[in-house]
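Q: here you go, sequence then predicted model.
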Amino acid sequence: MSAQQQVPSINLAVQHHGAGRLSEAEQVCQQLLKQDPNQPVALHLLGVITHQLGNNEAAADLIARAVELEPDMTAAHFNLAIVHTALGALDAAIASYRRALDLKPDYPEAHNNIGNALQNLRRPEEAVASFQAALALKSDYAQAHNNLGFALRDLSRLDEAMAGYHTALAVNPDYAEAHANLGLVLQDLGKPEEAVASYRKAIDLKPGFGRIHSNLGASLQSLGRTDEAMASYQQALELQPELAEAHNNLGNALQDLGSLEEAITRYRQAVALEPENDLFWANLAASLRSVSFTSIDDNLYQDLMRLLERPKLPPSYIARPVISALLPPSRICPHFRSAGRDKPLQRYRRKTVGDSSIPTDSGTQPDSRPRDRTDAHRSPPLDVVGSCRSERGGSGNPVFRGSGA
């Protein structure tokens, strides 16, 4: 089949895909590839469909074959970058976006998504430059203004970040993510009442975003409105049961109310969901410091052993108020002694008592009540092939629009 003869089938596949009929589009692509295994447009579109169906490794292979066969296919480079992002290969994603820019320099969406990738790589200065490049090409690009604000906030340039969010909202007043991110900056600037208003506006526009409810709760809690804060955290968890910061923040509220056992349960859930988050571990340690234990159970034993492994938590932080009270043999449950499980605790006690380099309770120590309200929303950037980032910053589903840019 000649290239000219393939055109009707390619157009049919594109029409099916544009209408959301992925199975039909996939079937047409497969038929084309049976006749011509090196048909680049069919490979590209099949890769996009495969990505949308959740198989990103296969999608990357398909789109990579397409760009190898047709190196000047701008949209394929862009969509390959989206798939690399979904796979966590951010450097490869940036390289593919840059290749798209080589082919189409006036491509603000590519600059924007490079900024997203750089931001996720913790390179906010470079991200700022990419977002500014996007805005130089498209000044009314609300998503780029929002993302610029996010990067500026990471650099503690709060007034500039706030200006970015205000500009995004001037372009699109119903931009929920920008309202939510503005709330974060207002909270940073010590304006919790205004932050609450921004969060509520965001929730009015997108009530299903659990993280916004959690951030609203944090601002309410800073105002001493603990009951309202708890309601917001609980709403966040109804929407997103595995939202770690909502468990953490609910633990903070419960600790404020003196419900220490319930707070400990929430902190345990937070660290189970995000075991590398030192803030959550610090909050768990702080809650354990506040409880008078009379024996060690399995949960407490595991907590203490895992806290000992956290490099940012000095062992003495929980040693004196908790461990020292538990280590005398009369206070340790018999099954721990019989199993030999008290031995690590005895070593732990000797370490904390004998190591003068470890700060004591009167010296430097973690803040006993750290708060987590830094988890902002990043909005989906609008682009000509439909990249859609999730609220956490990853790229989502591309929309195929032919073989060119």
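A: Received, thanks.

Q: from here on, just use CA atoms for contacts and neighbour counts.
A: Noted.

Q: so where do the helices sit in the stretch 201-350 of the chain?
A: Assigned by DSSP state H, counting those that start in this stretch, the stretch 201-350 of the chain shows helices spanning 210-222, 226-239, 244-256, 260-273, 278-289, 298-308, 316-318, 324-326, 334-338, 342-354.

Q: can you put those in CSV and add distance to residue 118?
A: Putting the helices of the stretch 201-350 of the chain into CSV (distance: least, Cα to Cα, whole Å) gives the following:
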stretch, distance to residue 118
helix 210-222, 22
helix 226-239, 28
helix 244-256, 24
helix 260-273, 25
helix 278-289, 23
helix 298-308, 32
helix 316-318, 36
helix 324-326, 46
helix 334-338, 49
helix 342-354, 41
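
Q: reformat these as JSON lines; add mean pLDDT.
A: Shown next, in JSON lines, are those (pLDDT from 0 to 100):
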{"stretch": "helix 210-222", "mean pLDDT": "96"}
{"stretch": "helix 226-239", "mean pLDDT": "97"}
{"stretch": "helix 244-256", "mean pLDDT": "94"}
{"stretch": "helix 260-273", "mean pLDDT": "94"}
{"stretch": "helix 278-289", "mean pLDDT": "85"}
{"stretch": "helix 298-308", "mean pLDDT": "73"}
{"stretch": "helix 316-318", "mean pLDDT": "62"}
{"stretch": "helix 324-326", "mean pLDDT": "48"}
{"stretch": "helix 334-338", "mean pLDDT": "47"}
{"stretch": "helix 342-354", "mean pLDDT": "40"}
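
Q: make JSON lines out of those and add distance to residue 140 and mean neighbour count.
A: Output for the helices of the stretch 201-350 of the chain, formatted as JSON lines (distance: least, Cα to Cα, whole Å; neighbours: other Cα atoms under 10 Å):
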{"stretch": "helix 210-222", "distance to residue 140": "25", "mean neighbour count": "27"}
{"stretch": "helix 226-239", "distance to residue 140": "32", "mean neighbour count": "21"}
{"stretch": "helix 244-256", "distance to residue 140": "33", "mean neighbour count": "27"}
{"stretch": "helix 260-273", "distance to residue 140": "38", "mean neighbour count": "20"}
{"stretch": "helix 278-289", "distance to residue 140": "37", "mean neighbour count": "23"}
{"stretch": "helix 298-308", "distance to residue 140": "48", "mean neighbour count": "15"}
{"stretch": "helix 316-318", "distance to residue 140": "51", "mean neighbour count": "24"}
{"stretch": "helix 324-326", "distance to residue 140": "61", "mean neighbour count": "18"}
{"stretch": "helix 334-338", "distance to residue 140": "65", "mean neighbour count": "13"}
{"stretch": "helix 342-354", "distance to residue 140": "58", "mean neighbour count": "16"}
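
Q: between these, which one is nearest to residue 170?
A: Of all those, helix 210-222 sits nearest to residue 170, with 20.7 Å by Cα to Cα.

Q: which neighbouring elements make contact with the closest one?
A: Where contact means 3 or more Cα pairs under 8 Å, 6 or more residues apart in numbering; DSSP states H and E, helix 210-222 is packed against helix 176-188, helix 192-205, helix 226-239, helix 244-256.

Q: okay if I get those helices as a markdown table plus distance to residue 283?
A: Shown next, in a markdown table, are the helices and strands packed on helix 210-222 (distance: least, Cα to Cα, whole Å):
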| stretch | distance to residue 283 |
| --- | --- |
| helix 176-188 | 20 |
| helix 192-205 | 22 |
| helix 226-239 | 16 |
| helix 244-256 | 8 |
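
Q: what's the closest of these to residue 24?
A: The nearest among those, by Cα to Cα, is helix 226-239 at 33.2 Å.

Q: and that closest one, C-alpha only, in PDB?
A: Extracted in PDB, the C-alpha atoms of helix 226-239 (Å, rounded to 0.1, in the frame of the first residue of the first chain):
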ATOM      1  CA  THR A 226      -9.400  23.300  65.000                       C
ATOM      2  CA  ASP A 227     -12.900  21.800  64.600                       C
ATOM      3  CA  GLU A 228     -13.200  23.300  61.100                       C
ATOM      4  CA  ALA A 229      -9.700  22.200  60.300                       C
ATOM      5  CA  MET A 230     -10.500  18.600  61.200                       C
ATOM      6  CA  ALA A 231     -13.600  18.600  59.000                       C
ATOM      7  CA  SER A 232     -11.500  19.800  56.100                       C
ATOM      8  CA  TYR A 233      -8.900  17.100  56.700                       C
ATOM      9  CA  GLN A 234     -11.600  14.400  56.900                       C
ATOM     10  CA  GLN A 235     -13.100  15.700  53.700                       C
ATOM     11  CA  ALA A 236      -9.700  15.500  52.000                       C
ATOM     12  CA  LEU A 237      -9.400  11.900  53.100                       C
ATOM     13  CA  GLU A 238     -12.900  11.000  51.900                       C
ATOM     14  CA  LEU A 239     -11.800  12.200  48.500                       C
END
